[in-house]
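3D, please:
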Amino acid sequence: MLSFSSISNLIPSDSATIFIGYSGGVDSHVLLHLLANIPCLAPKIVALYVNHGLQDESDNWAKHCQQQCKQLNVAYKVLSVDAKAKAGESPEEAARNARYAAFRQLVKSGDILLTAQHREDQLETVLLQMFRGAGLSGLSAMASYSAFGDGALIRPFLTISKARIQAYAIHHDLSWIDDPSNLVDDFDRNYLRNQIIPLLKQRWPSLDQTVSRSAQHCADGAALINDWVIRNMRQMVDPIDNGLIIPLWQSFDSIQRSYLLRQWLTDFGLKPPSQAVLQAIMLQVIDATDSANPSVSLQNKRIKKYRQKLYCLDSSELVDTFNTGGWEPKQLFFDLANGFHLKLVDSTSGIPKSFWSSKAVTVQKRKGGERIQLPFRQGSHCLKKLFQESNVPPWQRNSKPLIFIDGQLAVVPGLWVDQRFWADDGDCYQVVMEKND
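All right, here's what the predicted structure looks like:
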């Protein structure tokens, strides 16, 4: 019989709030019932029912769940989400994404979220990932423990069979919800669960156990590779701009390059790209000449190359339009209205504060042909050549606002101050460009 001792080693004793994803189905109800009967845990529990708005019975199910929580004397909360599928999302994926996004907002440091996926769910996940051509990470399927929000996500039933969960529910005479949509084979997971897996289990009765072991082997292998990737990424990513240094990346073999490139992209919050997408980046961007201005769009990012370095850019970084005009002397900020602002920062060198406050200051765009005189260098210098000399990528150059004082170019924020306006008398401003909060 399923008992708390079966899963107790997975639940930290010092947990703050214990959130339980509670649909009212048999799996989540058994999990809730099991933990609610542990005196030291019950006061910490909050059962979370997610109303996706996709079923006519959702409100009635929410009331049922509330009644069950009242009987168990645990806290209960309803989360309403928009589970409509976006472009490229399946209905299942949209509902899951909406559900976990709502959970993530609640889980704070020290909190844990428990969900009731079991061994058969793991089997389904492995098979679905296999059919999609997933690699080691995908075939690892679901982890028993993972970081989530500011806390952790724990699946304590992942090595427990569905039969043991159902036996517990029957033994304790529990009342649960049977969602009729689980019988609809239009969804891939339901089709596997209702049609395919029963046939497979006739031939291989312990299939869920053996596939679960395979998933763990894949997880172990993925962890080893991930550790190797992270250690090697440190030497080939510029810490200032997060650009991938191509010659260092090219020192690895082709398989290693794929893993490294995939990790670099996922570090920007992207979904792990397919091998076809990686190949496109390698052929169309990395192998192209800089003069070709190579670029690949990926999800909400743009992958570009400049001088043997690969960049992953937000769309805001490619916008070269911004507010221009006069900068009032007493204002410490100038809003560029493109997601960035200019800011005056106290400094021991730069433009004297007294000078700044007594002159006409304007913010302008590049027009081409601008020149600036740099402190400690002879003559004036063309901005275009200075940008090249300083390895400023082409897409950043026109987005750099220029500061003019009494009609003369005085500052390129974050880069240069013209020597005619430069001082190091200890009471100066530097102009920096920052992203808006």
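
Which element, helix or strand, includes the nearest residue to Q275 once chain neighbours are set aside?
Across the structure, with Cβ to Cβ, 6 or more residues apart in numbering as the measure, the residue nearest Q275 apart from its sequence neighbours is S258 (6.8 Å). Bear in mind the C-beta positions are built from the backbone N, C-alpha and C, glycine included. Secondary structure here is read from DSSP states H and E; on that basis S258 sits in helix 254-266.

Flag every buried residue along that helix.
Under the neighbour-count criterion of 16 or more other Cβ atoms under 10 Å, helix 254-266 has 257-265 buried.

so which two of these are the farthest from each other?
Pairwise distances among these were taken by Cβ to Cβ; the largest, 12.4 Å, belongs to R257 and L265.

what helix or strand does the spatially most central residue of the chain sit in?
Most central residue of the chain, judged by C-alpha distance to the mean C-alpha position with Cα atoms, centre = their mean, is G269 at 3.7 Å. Applying DSSP H and E as the criterion places G269 outside every helix and strand.

which residues touch it?
Going by Cβ atoms under 8 Å, 6 or more residues apart in numbering, G269 touches no other residue.

got the domain boundaries for the chain?
Using automatic domain parsing, the domain ranges for the chain come out as 4-219, 234-318, 325-435.

how close does the nearest residue to N232 once chain neighbours are set aside get to Q430?
Across the structure, with Cβ to Cβ, 6+ apart as the measure, the residue nearest N232 apart from its sequence neighbours is L260 (6.5 Å). When Cβ to Cβ, to the nearest Å is applied, the distance between L260 and Q430 equals 37 Å.

now swap in N232 and tell me
N232 sits 36 Å away from Q430, going by Cβ to Cβ.

And for L183?
Going from L183 to Q430 by Cβ to Cβ gives 66 Å.

Compare these two (neighbour count), which wins?
In this view L183 and Q430 are compared by other Cβ atoms under 10 Å, and Q430 has more residues nearby, 17 against 10.

Model confidence score at that one, please.
With respect to pLDDT, Q430 scores 94.

Also L54?
73.

and it, how many neighbours?
Look at L54: counted by other Cβ under 10 Å, it has 14 neighbours.

Okay, helices next: where are they in the stretch 301-437 of the chain?
With helices called from DSSP state H, counting those that start in this stretch, the stretch 301-437 of the chain shows them at 353-358, 383-389, 394-397.

Distance to H171, mean pLDDT and mean neighbour count added to these, as JSON lines?
Written out in JSON lines, the entries for those read as follows (distance: least, Cβ to Cβ, whole Å; pLDDT from 0 to 100; neighbours: other Cβ atoms under 10 Å):
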{"stretch": "helix 353-358", "distance to H171": "78", "mean pLDDT": "90", "mean neighbour count": "14"}
{"stretch": "helix 383-389", "distance to H171": "73", "mean pLDDT": "92", "mean neighbour count": "15"}
{"stretch": "helix 394-397", "distance to H171": "65", "mean pLDDT": "87", "mean neighbour count": "16"}
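
of all these, which lies closest to A410?
When the helices of the stretch 301-437 of the chain are ranked by distance to A410, counting by Cβ to Cβ, first place goes to helix 353-358 at 9.2 Å.

Can you name every helix or strand that the closest one contacts?
Helices and strands touching helix 353-358, as assessed by 3 or more Cβ pairs under 8 Å, 6 or more residues apart in numbering; DSSP states H and E, comprise strand 428-435.

May I see the buried residues of the strand it packs on?
Those buried within strand 428-435 under the rule 16+ other Cβ under 10 Å are 428-431, 433.

Looking at those residues, which one is closest to R189?
M433 (48.0 Å).

what does the average pLDDT come to for stretch 329-341?
Along stretch 329-341, the predicted local confidence has a mean pLDDT of 90.

so what's S349 scoring on pLDDT?
Model confidence at S349, expressed as pLDDT, equals 92.

hmm, I was thinking of S15
With respect to pLDDT, S15 has a value of 93.

Okay, helices next: where are they in the stretch 151-300 of the chain?
Under the criterion DSSP H, counting those that start in this stretch, helices of the stretch 151-300 of the chain are mapped to 162-171, 188-191, 197-203, 207-233, 246-249, 254-266, 275-281.

isn't D178 right next to G25, touching?
Yes - at 7.5 Å, D178 counts as touching G25 under the criterion of Cβ atoms under 8 Å.

Please identify which of the two sits among more neighbours.
Comparing D178 with G25 by other Cβ under 10 Å, the one with more neighbours is G25, at 16 against 9.

I'd say the more buried one and W176 touch.
Yes - shown here, G25 and W176 form a contact pair, counting by Cβ under 8 Å, at 5.8 Å.

sorry, back to before: out of the helices of the stretch 301-437 of the chain, flag the one nearest P294.
Go through those one by one with Cβ to Cβ and the one that ends up closest to P294 is helix 394-397, at 11.7 Å.

That's all I had, so thanks and see you.
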